[in-house]
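Colleague: curious how this folds, go ahead:
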Amino acid sequence: MTQPDPAEVLLETLRLRSQWDATRLREAWLRIPINGLRELVSYEQVTIWLYCRIRELGVGDELPPSFWTWLIRRARVESANGLLVEAEAMRIAELLHSGGVPAIFLKGIARRLLADKFPYIDARSTVDVDVMLPADQATSVWEDLKKSGYNFAADPTLTPVDLWHLIPLAGANKVAVELHTSTSREVRPPDAWRRQMFDSTVVRRGELELRVPSATELMWHAIAHAQNDGVKVWRLRYFQDAAVLMTDDNLIDWEVIAERLKSSEIHDRTVSMRWLTAAAHLAGRPLPATLAPIPKSFPVLRMLRWRLAVLNRTAERPRLLEKLLEEGDRAELALPMQEQVAGIGPAQRIRRRAATVVARAIYLAWRTARG
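Modeller: Below is the predicted model:
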């Protein structure tokens, strides 16, 4: 009997509307070859999500111990870090409430707060607290945090002066806190605040009330920021941010999304739409006709197969691995080869260019051979 394709098994396990039923998934996991799978799960950053799904399928104890034990440990560490971030958010919420400062929690912490509303929305790594404040109050809150013992979370020179959040700070928990005045350079702070407030949700944690954006704004944030973070956003972890919101389309105003996709906030609509089609594939549902024209989908399964092949063969050669993975994504997106790093000598530039050309050629040959 032919062994299951591990990339396909991983994808179907994580899809919110899988084409495989639970019985087929269980049988596949009992026969799956695990070589390179641990590395692929790490690369895709889906540790917690996969742990939850395998536990639901009830096959964890029947998997090779080296894989299952590793997955449990990684999921627990990431989950513990998430709880630490949530505790820091509660502390910030208390401080803001005592000062009478309105706030909206964004991104990863917002998703954690919505865990009872969307399946697996919190099954992701969360490392910091993002919170939006009215622009005219953000600086004073930042200064109050500094006075109360918060310090720079990292080298302050790494935060551009024109960024949409102030320099990140960290308190005793060592969790970074970013005070936002907007969500991007393209959106004025008053407009960003109005957007996040509209149709926002209040979540109760004990006696505290924390406000989070609507599903529409969370969706838009995922789409808009996917264009700014390079090729890493073409991994499952980033598609997850949008896919989980699609489990209830009634909560998303797709007309708003369609209009913004035509705006100056998006650098390349086709690329953003291809990213969104990949998220929809992970959700297991089509995108609404409101978003037409819908371009050719990003080949999620093919890229998982490519990444698994690379990770299974080049783990001890990190530079080659990085080139192969990145040029595979760039080739699928019809992007030019990676630009040279500034400040390097001619000889090193030539070697880097040669490695990039070879990596692109290897991927294209692999794709052709796969058909």
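Colleague: what about the helices in the stretch 251-371 of the chain?
Modeller: Listed in chain order, the helices of the stretch 251-371 of the chain (DSSP state H, counting those that start in this stretch) span 254-261, 269-283, 300-311, 318-332, 346-370.
Colleague: CSV for the ones you listed, including mean pLDDT, distance to Trp29 and mean neighbour count?
Modeller: In short, each C-beta sits where N, CA and C put it, glycine included. Converted to CSV, the helices of the stretch 251-371 of the chain look like this (pLDDT from 0 to 100; distance: least, CB to CB, whole Å; neighbours: other CB atoms under 10 Å):
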stretch, mean pLDDT, distance to Trp29, mean neighbour count
helix 254-261, 97, 35, 15
helix 269-283, 96, 19, 20
helix 300-311, 96, 16, 20
helix 318-332, 89, 25, 19
helix 346-370, 87, 24, 14
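Colleague: what about the nearest residue to Ser79 once chain neighbours are set aside, which helix or strand?
Modeller: Nearest residue to Ser79 in three dimensions, chain neighbours excluded: Ile48, at 6.0 Å (CB to CB, 6 or more residues apart in numbering). Secondary structure assigned from DSSP states H and E places Ile48 in helix 47-57.
Colleague: give the other helices and strands that that helix contacts.
Modeller: In this structure, helix 47-57 makes packing contacts with helix 6-14, helix 22-31, helix 65-98, judged by 3 or more CB pairs under 8 Å, 6 or more residues apart in numbering; DSSP states H and E.
Colleague: point out the most buried one among those.
Modeller: helix 6-14 (a mean of 21; mean count of other CB atoms under 10 Å).
Colleague: could you give the angle of that helix to helix 269-283?
Modeller: 80 degrees (axes from the mean of the first three to the mean of the last three CA atoms, to 10 degrees).
Colleague: who's in contact with helix 6-14?
Modeller: Residues outside helix 6-14 that contact it (CB atoms under 8 Å, 6 or more residues apart in numbering): 18-20, 25, 28-29, 32-34, 36-37, 40-41, 44, 46, 49-50, 53-54, 57, 236, 240, 282, 300-301, 304-305, 307-308.
Colleague: same thing with stretch 222-238?
Modeller: Taking CB under 8 Å, 6+ apart as the rule, stretch 222-238 contacts 11, 14, 43-46, 124-125, 183-184, 241-242, 245, 257, 260-261, 265-268, 271-272, 275-276, 278-279, 282, 298, 300, 303-304, 326, 329-330, 333.
Colleague: for the stretch 51-200 of the chain, which spans come out with low pLDDT?
Modeller: Across the stretch 51-200 of the chain, the ranges flagged by pLDDT under 70 are 160-162.
Colleague: just to be sure, Glu178 is in a strand?
Modeller: Yes. Under DSSP: H, G, I helix; E, B strand; the rest coil, Glu178 sits within a strand.
Colleague: what's around the residue nearest to it when sequence neighbours are not counted, how many residues?
Modeller: Excluding the flanking residues, the one nearest Glu178 by CB to CB, 6+ apart is His165, at 4.4 Å. For His165, the neighbour count with other CB atoms under 10 Å is 20.
Colleague: so what does His165 look like in phi/psi?
Modeller: Torsion angles at His165 (phi, psi; degrees, to the nearest 10) stand at phi -140, psi 160.
Colleague: same check on the one 4 residues further on?
Modeller: Backbone torsions of Leu169, given as degrees, to the nearest 10, read phi -120, psi 160.
Colleague: and for Val129?
Modeller: Per-residue torsions, Val129: phi -110, psi 120 (degrees, to the nearest 10).
Colleague: now the one 10 residues further on
Modeller: Here is the backbone geometry of Thr139 (degrees, to the nearest 10): phi -60, psi -40.
Colleague: residues contacting it?
Modeller: Counting by CB under 8 Å, 6+ apart, Thr139 touches Leu166.
Colleague: can I get the helices and strands packed on helix 47-57 in JSON lines with distance to Ala359?
Modeller: Shown next, in JSON lines, are these (distance: least, CB to CB, whole Å):
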{"stretch": "helix 6-14", "distance to Ala359": "20"}
{"stretch": "helix 22-31", "distance to Ala359": "31"}
{"stretch": "helix 65-98", "distance to Ala359": "28"}
